[in-house]
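In: have a look at this fold, sequence not included:
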């Protein structure tokens with residue numbers, strides 16, 4: 001709380017209540033629904049700013065805590081709080097929501113109130129995931145947000161949307177069941193569903209390994225990691241533009257957040273014993289999925305596979321800690337890797353969101369995402385071409401953009417853990433540049449390829465504002481990431497202590 005004001009509850013329930021109001025606005029009031037959605041999204045973002053302004057960077061303790069009994073007979077509580085690991089993700093969520101609403105302003109023509117309402121409710125539930133400190137409360141938010149995303153893809157998606165939504169739902173729901181089983185086991189051992197109590201528990205090696213594997217299945221699906229990644233390209237291709245933005249910018253981060261909130265601090269010995277598994281899957285994602293991205297003919301599918309490859313840096317940076325400590329007897333390399341993973345999550349939120357919005361702009365004009373249908377777009381859409389190339393270069397990890405910072409930090413720590421890890425991880429700088437530049441060359445440069453491209457109109461004021469906002473975020477984080485790193489630093493230090501302290 002700030003001055004007794006329940007700020008975290010406000011961030012959860014303001015967009016949810018706003019979404020319900022939009023739903024009750026009814027049809028034939030599209031403009032009213034849009035303005036309510038925009039105003040509530042802006043208010044939610046403004047309400048989240050005190051988290052940054054009043055945040056105490058010197059402590060790893062939970063801040064802005066709200067706690068009250070919910071289901072007393074099972075000791076389930078309405079327990080909220082943030083630290084340096086979760087607070088930046090909350091801000092990323094509130095920031096992204098404004099762009100999501102603005103991006104759909106002139107695009108969605110059918111059932112606008114339901115579309116806006118679904119995204120607003122989804123925003124509140126996603127914030128709930130990042131701030132929940134009770135296992136059951138976390139699980140409720142985690143599962144509940146599948147419903148509005150299911151509806152968004154199923155109603156406003158592409159021709160194969162039913163297949164994509166069912167696959168998305170089954171994969172994520174299947175993984176979540178294992179997480180719930182882990183929560184229940186720890187509840188019967190500790191008598192509490194508090195996540196902080198889970199972290200303080202002493203567990204035997206067998207219990208840790210089983211719980212770690214349960215968490216791995218749940219979070220690997222969400223990231224997604226190889227080989228449970230196949231739902232994501234289908235979901236991205238069929239989802240409307242805003243759905244792809246939320247999937248890539250926020251929902252994938254929930255998997256990475258799960259590893260740092262649950263796996264590493266609750267099961268440190270199992271994490272150390274099985275770190276090779278996560279590292280191997282991460283390196284496969286970085287290298288192999290990058291190669292898969294190179295052969296895509298659909299822009300959205302290319303960026304979707306690119307997202308899986310880039311998220312491999314997140315999981316790699318998180319689990320290098322044990323090899324680095326073994327090799328160097330120092331936590332410095334581990335800090336670099338962990339902070340790089342966290343920066344990569346924030347950066348990927350900006351860049352992937354921008355890439356999908358960029359593709360959405362083209363799709364709205366030409367109703368195709370096939371790379372072969374374009375060519376010479378920069379000749380007819382110069383401002384769009386400027387932003388598109390900027391975001392593409394950031395996606396390839398160009399120094400000076402946010403895409404470089406997190407990847408460079410993880411690659412640096414990879415070499416400290418094992419030179420071969422570093423070599424494989426660094427290959428993404430070549431592979432990422434290859435598929436990104438291939439797409440840029442085919443879509444944006446060269447002569448105008450056909451009459452449809454010749455008739456394209458450049459960005460309007462709304463689209464320009466969205467792209468410019470994301471461009472500023474990508475460049476600022478790329479040039480000066482220190483404020484974000486400083487916010488995370490103490491919490492990352494505490495996480496490393498938890499991850500390297502045996503419970504046996």
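Out: Happy to help now that I have it. These numbers come from a predicted model, not from an experiment. Residues are numbered from 1 along each chain as shown.

In: is residue 415 in contact with residue 408, as I believe?
Out: No - taking CB atoms under 8 Å as the definition, residue 415 is not a contact partner of residue 408, at 11.1 Å. No exception for glycine: its C-beta is placed from N, CA and C like everyone else's.

In: what about the strands in this structure?
Out: Using DSSP state E, the strands of the chain run over residues 63-71, 76-82.

In: between those, which one is closest to residue 454.
Out: strand 76-82 (50.4 Å; CB to CB).

In: helices or strands up against the closest one?
Out: helix 7-25, strand 63-71, helix 112-131, helix 135-144 (3 or more CB pairs under 8 Å, 6 or more residues apart in numbering; DSSP states H and E).

In: helices or strands next to the longest one in the packing?
Out: It stands for helix 112-131. Counting by 3+ CB pairs under 8 Å, 6+ apart, the packing neighbours recorded for helix 112-131 are helix 7-25, helix 30-53, strand 76-82, helix 87-103, helix 135-144, helix 146-156, helix 241-246, helix 252-258.

In: the last one too?
Out: Counting contacts by 3+ CB pairs under 8 Å, 6+ apart, the secondary-structure elements packed against helix 135-144 are strand 76-82, helix 112-131, helix 161-190, helix 195-200.

In: for the chain, which spans come out with low pLDDT?
Out: 1-4, 26-27, 329-330 (pLDDT under 70).

In: which residue packs closest to residue 405, ignoring adjacent ones?
Out: Residue nearest to residue 405 in three dimensions, not counting chain neighbours: residue 481, with 4.9 Å by CB to CB, 6 or more residues apart in numbering.

In: report the contact partners of that neighbour.
Out: For residue 481, the contacting residues are 343, 402, 405, by CB atoms under 8 Å, 6 or more residues apart in numbering.

In: how many residues are close by the second one?
Out: When you say that, I think you mean residue 402. Using other CB atoms under 10 Å, residue 402 has 27 neighbouring residues.

In: how about residue 39?
Out: Number of residues near residue 39 (other CB under 10 Å) recorded here: 12.

In: do the same with residue 430
Out: Residue 430 has 10 nearby residues by other CB under 10 Å.

In: could you do residue 105 as well?
Out: Using other CB under 10 Å: residue 105 sits among 18 other residues.

In: go on, residue 195?
Out: Neighbourhood size, residue 195 [other CB under 10 Å]: 23.

In: pull the contacting residues for it.
Out: 132-135, 138, 261-262.

In: right, and residue 61 touches residue 83 too?
Out: Yes - judged on CB under 8 Å, residue 61 makes contact with residue 83 at a distance of 7.2 Å.

In: more neighbours: which of these two?
Out: Neighbour count, other CB under 10 Å: between residue 61 and residue 83, residue 83 has more, with 24 against 13.

In: what's the closest non-adjacent residue to the more buried one?
Out: Closest to residue 83 by CB to CB, 6+ apart is residue 491, at 4.5 Å.

In: burial count for that neighbour?
Out: By other CB under 10 Å, 24 other residues sit near residue 491.

In: for residue 274, see how far away residue 281 is.
Out: Distance, residue 281 to residue 274, using CB to CB, to the nearest Å: 11 Å.

In: which one's more surrounded, those two?
Out: A count of neighbours by other CB under 10 Å puts residue 281 above the other of residue 281 and residue 274, at 22 against 19.

In: how far away is residue 70 from residue 134?
Out: 7 Å.

In: could you do residue 41 as well?
Out: 27 Å.

In: circling back to that earlier point, next, format the strands of the chain as TSV and append distance to residue 288.
Out: Shown next, in TSV, are those (distance: least, CB to CB, whole Å):
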stretch	distance to residue 288
strand 63-71	40
strand 76-82	35
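
In: just name the most buried of these.
Out: Mean neighbour count (mean count of other CB atoms under 10 Å) peaks for strand 76-82 among the strands of the chain, with a mean of 22.

In: now do that strand against helix 30-53, angle only.
Out: Orientation check (axes from the mean of the first three to the mean of the last three CA atoms, to 10 degrees): strand 76-82 against helix 30-53 gives 70 degrees.

In: strand 76-82 to helix 87-103, inter-axis angle?
Out: Strand 76-82 and helix 87-103 are oriented at 90 degrees to each other (the same axes, to 10 degrees).

In: and strand 76-82, how far from the chain's centre?
Out: Relative to its chain's centre, strand 76-82 lies at 22 Å (CA atoms, centre = their mean, to the nearest Å).

In: now it against helix 161-190, angle please.
Out: With the same axes, to 10 degrees defining the directions, strand 76-82 sits at 100 degrees from helix 161-190.

In: what residues does strand 76-82 touch?
Out: Strand 76-82 is contacted from outside by 8-9, 12, 51, 62-70, 90, 130-134, 136-137, 193-194, using CB under 8 Å, 6+ apart.

In: in helices, which of the contacts of residue 481 appear?
Out: Among the contacts of residue 481, the members falling in helices are 343, 402, 405 (criterion: DSSP state H).

In: looking at the residues you listed, which is nearest residue 350?
Out: Among the ones in helices among the contacts of residue 481, residue 402 lies closest to residue 350 (CB to CB), at 5.9 Å.

In: and the residue lying farthest from the centre of the chain, what does it touch?
Out: Here the chain reaches farthest from its C-alpha mean at residue 451, the gap being 37.6 Å by CA atoms, centre = their mean. Residue 451 makes contact with no residue under the criterion CB under 8 Å, 6+ apart.

In: quick one: contacts for the closest residue to residue 86 other than its chain neighbours?
Out: In this structure, residue 86 finds its nearest non-sequential neighbour in residue 130, 4.6 Å apart by CB to CB, 6+ apart. Neighbouring residues of residue 130 by CB under 8 Å, 6+ apart: 82, 86, 89-90, 93, 254, 257.

In: what's the answer for residue 49, then?
Out: Contact partners of residue 49, counting by CB under 8 Å, 6+ apart, are residue 91.

In: what separates it from residue 10, distance-wise?
Out: In this view, residue 49 and residue 10 are 12 Å apart by CB to CB.
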